[in-house]
Structure formats: structure tokens, C-alpha cells
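Student: prediction below, plus the sequence it came from.
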Amino acid sequence: MARAVSLRLAKSPSRALLRNRWQNFPMPKIEASNVADHRERRRAALLAAAVELAMEEGSGSVTMSAVAARAGLSRSSLYEYFDSREDLIADLVLDELDLWAASLNEQVSVTATALEHVEAWMVGALDYVIAGKHRLARELSSVALPPHRVPEVREAHHRLTGPLISALTEAGTADPVRVANFVNGIVEATTRRVDAGNTDAEAEVKAAIEFALAGVRAQIR
């Protein structure tokens with residue numbers, strides 16, 4: 001039986017929540033003394049502006065001109081940081097996936113046994129989704145990324161399931177990668193059901209975890 005799950009539900013997450021990774025990087029008004037630090041702050045300001053546009057008006061609103069205007073910079077200055085609109089969006093996706101991966105790693109790290117790791121990974125993944133933090137990645141998923149950035153994004157997706165595969169290996173499942181795909185499929189199905197808004201999120205997550213753990217136990221050699 002899965003342990004009690006406590007999720008931070010958010011019916012309508014604020015833009016501040018969705019872009020909190022950049023909240024310490026205000027729009028550049030004063031030049032930083034260190035050039036590298038200044039560039040990073042300006043890049044963060046541009047990404048924050050792009051996040052606001054994506055969440056307010058959809059991915060189609062994230063253009064180089066619109067981002068520059070929102071950040072209070074010239075359009076030409078964006079090309080010092082991003083080759084194109086698609087390149088900028090690739091960075092947004094990567095930052096979001098890296099944040100999600102860090103959250104999952106933290107969730108798993110505080111548990112002890114292999115099955116607890118699996119449960120913690122599912123709680124972390126579903127908590128992230130139900131809290132609305134996945135909305136940015138979902139909004140940007142329809143954008144065709146530059147071909148040379150696709151491997152980076154694919155690798156970032158793989159990092160999300162890394163802790164899960166490690167836990168399933170530790171648990172002694174016959175094929176950890178296959179079982180991880182099954183568990184991830186349960187998470188995706190639960191996400192769709194919760195996103196539809198026609199179900200109790202807490203009950204849905206509890207049932208999904210119980211179902212997944214029963215399947216994992218059946219696959220242990």
C-alpha cells in the first residue's frame with residue numbers, strides 16, 4: 001500500500017510560480033561590473049520575458065521582437081544570446097526540464113528503499129504536474145526546435161527518468177528501462193486525467209501510485 005501522499009495543489013498557478021527560477025534576475029537597469037555576470041543576468045531577463053509571453057498569450061507570442069520589447073532591450077541585442085526564436089525556446093525547455101529533474105532527484109534522495117524511491121519519483125513527477133509547473137513545457141512542446149538542439153532536449157528528458165531507472169535496478173526488476181516506461185506511462189495517463197479537471201487529483205495520484213507499485217513488485221525477479 002502506498003504511503004499517504006500530500007500534494008501542493010494549485011488550481012491556477014501564478015506567473016511568478018512558473019518563472020520563479022528567474023525571480024532573482026531583474027530586468028537589467030544597471031550594468032554589472034563583471035561582464036560574464038552581466039550577460040547571465042541579461043540572458044535570464046530575456047528568458048523571464050519569454051516565459052511571461054508564453055504563459056500569457058501562448059507559444060506563438062514568443063517572437064524575438066516581443067521578447068525584446070518585454071525585456072526593454074533592442075531586438076538586435078537578442079541575437080547576442082540566441083540565434084533564433086526557436087533557439088531561445090530550446091533554452092526555455094532545457095531550463096524547465098533541468099528544474100524538473102532537480103526536483104525529482106531531491107524527492108528521491110530523502111527516501112531509503114528502492115520501492116520508496118519509485119514511489120517518491122512518482123509523487124515528485126505528479127506533484128510537479130498538478131501544481132501547474134509543467135504548463136510552460138507543455139505550452140512550448142508544439143514548437144519545432146532547431147535540429148542541433150534536439151539531442152540536448154532528448155537527453156534532458158532522459159535525465160528525468162534516471163532516478164526511476166536506478167531505483168528499479170536496485171529493486172531487482174528484470175528490465176528496469178521497460179518497467180520505467182510503464183511507470184512513466186501511468187504518470188502521463190494520470191496527468192491527462194488530472195489536467196482534464198474531471199477527477200479528484202489526490203485520489204487519482206493515490207490510485208496511480210498503488211497501481212504502479214503493484215506492477216513493479218510483479219516484475220521483481
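Tutor: Here it is on my side, so go on.
Student: for the protein, what spans make up the helices?
Tutor: In the chain, the segments counted as helices under DSSP state H are 15-18, 35-57, 64-71, 75-78, 85-109, 114-130, 135-140, 150-171, 176-195, 201-219.
Student: quick one: those helices as JSON lines, columns for mean neighbour count and mean pLDDT too.
Tutor: (Each C-beta comes from the backbone N, C-alpha and C, glycine too.) What follows is the helices of the chain, written out as JSON lines (neighbours: other CB atoms under 10 Å; pLDDT from 0 to 100):
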{"stretch": "helix 15-18", "mean neighbour count": "14", "mean pLDDT": "50"}
{"stretch": "helix 35-57", "mean neighbour count": "18", "mean pLDDT": "86"}
{"stretch": "helix 64-71", "mean neighbour count": "18", "mean pLDDT": "92"}
{"stretch": "helix 75-78", "mean neighbour count": "15", "mean pLDDT": "88"}
{"stretch": "helix 85-109", "mean neighbour count": "18", "mean pLDDT": "90"}
{"stretch": "helix 114-130", "mean neighbour count": "22", "mean pLDDT": "91"}
{"stretch": "helix 135-140", "mean neighbour count": "18", "mean pLDDT": "76"}
{"stretch": "helix 150-171", "mean neighbour count": "17", "mean pLDDT": "93"}
{"stretch": "helix 176-195", "mean neighbour count": "17", "mean pLDDT": "93"}
{"stretch": "helix 201-219", "mean neighbour count": "17", "mean pLDDT": "94"}
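Student: was I right about residue 145 contacting residue 89?
Tutor: Yes: at 6.8 Å, residue 145 counts as touching residue 89 under the criterion of CB atoms under 8 Å.
Student: do you know how far the nearest residue to residue 182 once chain neighbours are set aside is from residue 111?
Tutor: The shortest distance from residue 182 to any non-neighbouring residue, by CB to CB, 6 or more residues apart in numbering, is to residue 215 (6.3 Å). Plainly put, residue 215 is 19 Å away from residue 111 if you go by CB to CB, to the nearest Å.
Student: same question for residue 144.
Tutor: 38 Å.
Student: then residue 163?
Tutor: Distance from residue 163 to residue 111, by CB to CB: 10 Å.
Student: touching both of those two, which residues are there?
Tutor: residue 117 (CB atoms under 8 Å, 6 or more residues apart in numbering).
Student: could you list the domains of this protein?
Tutor: Domain assignment for the chain by automatic domain parsing gives 13-82, 84-221.
Student: now do the end-to-end distance for the longest one.
Tutor: If I follow you right, that is domain 84-221. 50 Å (CA to CA, to the nearest Å).
Student: run the chain-centre distance for that domain.
Tutor: From the chain centre to the centre of domain 84-221 is a distance of 9 Å (CA atoms, centre = their mean, to the nearest Å).
Student: residue 209 contacts residue 119, doesn't it?
Tutor: Yes: with contacts defined as CB under 8 Å, residue 209 counts as touching residue 119 at a distance of 5.8 Å.
Student: so what's residue 166 closest to, chain neighbours aside?
Tutor: Using CB to CB, 6+ apart and skipping the chain neighbours, the partner closest in space to residue 166 is residue 117 (7.5 Å).
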